[in-house]
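> I need the structure of the sequence given here:
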Amino acid sequence: MGILHYGTDSTPIHIADRALAHLKVVVVAKLRRQESFTVSWQHPAEDGAGRSTIWMHPSIPVRFEFDEAVAPELNREWIEDLAQSASALGGITLVAEHVAGGESEAPAA
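Reported below is the predicted structural model:
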């Protein structure tokens, strides 16, 4: 389970390593272009019902921490889905990965 650290006082945001690796690609691309946007996710069942949203801005520190030493192979389709949502009014919504064969893998935020 990876961790997204955002801002200096924030509570760590736990996201599965694979999902975090894909999210990182989109977040870094947007921030590199000095674009602000939101990132939203649903809380895991063990944390109770709910969802969260953060405002991402280039001036706010962000750090991605992964449990796995080796980066996963990235799924271009998932990155494109996340990038499209980043450009929409609602911002990035951390959605499940569409895996070959029609199955989905939850992002486990």
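> what about the helices in this structure?
With DSSP state H, the ranges of helices along the chain come out as 17-32, 76-87.
> Give me the contacts around the longest one.
By CB atoms under 8 Å, 6 or more residues apart in numbering, the list of residues contacting helix 17-32 from outside reads 1-4, 15, 37, 39, 56, 58, 62, 64, 66-68, 71-72, 74-75, 78-79, 82-83, 86, 92, 94, 97, 105, 107-109. C-betas here are computed from N, CA, C, even on glycine.
> That one: which residues count as buried?
For helix 17-32, a neighbour-count test (16 or more other CB atoms under 10 Å) marks 17-24, 26-27, 30-31 as buried.
> likewise stretch 68-80?
Applying a neighbour-count criterion of 16+ other CB under 10 Å, the buried positions in stretch 68-80 are 75, 78-79.
> Just the strands from this protein, written as ranges.
Remark: strands assigned in the chain by DSSP state E are 2-6, 13-15, 37-42, 51-56, 62-65, 92-93, 97-98, 104-105.
> Output the ones you listed in TSV; the columns should cover mean neighbour count.
Converted to TSV, the strands of the chain look like this (neighbours: other CB atoms under 10 Å):
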stretch	mean neighbour count
strand 2-6	18
strand 13-15	20
strand 37-42	19
strand 51-56	14
strand 62-65	14
strand 92-93	22
strand 97-98	16
strand 104-105	12
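> Same list, those, but as TSV with mean pLDDT please.
TSV is the format used below for the strands of the chain (pLDDT from 0 to 100):
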stretch	mean pLDDT
strand 2-6	94
strand 13-15	91
strand 37-42	92
strand 51-56	92
strand 62-65	96
strand 92-93	90
strand 97-98	76
strand 104-105	48
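> so which of the helices of the chain comes closest to G50?
helix 17-32 (17.8 Å; CB to CB).
> just how off-centre is that closest one within its chain?
6 Å (CA atoms, centre = their mean, to the nearest Å).
> begin at 579 from here
Will do, 579 is the new start, and the previous item becomes helix 595-610.
> Just the C-alphas of that helix, formatted as CSV.
Output of helix 595-610 as CSV, limited to C-alpha atoms (Å, rounded to 0.1, in the frame of the first residue of the first chain):
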residue,chain,number,x,y,z
ASP,A,595,0.9,1.0,-5.2
ARG,A,596,-0.4,0.2,-8.6
ALA,A,597,-3.1,2.8,-8.5
LEU,A,598,-0.7,5.3,-7.0
ALA,A,599,1.9,4.7,-9.8
HIS,A,600,-0.8,5.5,-12.4
LEU,A,601,-2.1,8.5,-10.5
LYS,A,602,1.5,9.9,-10.2
VAL,A,603,2.0,10.0,-14.0
VAL,A,604,-1.1,12.2,-14.4
VAL,A,605,-0.6,14.4,-11.3
VAL,A,606,3.1,15.1,-12.3
ALA,A,607,2.1,15.9,-15.9
LYS,A,608,-0.6,18.4,-14.7
LEU,A,609,1.6,20.0,-12.1
ARG,A,610,4.4,20.3,-14.5
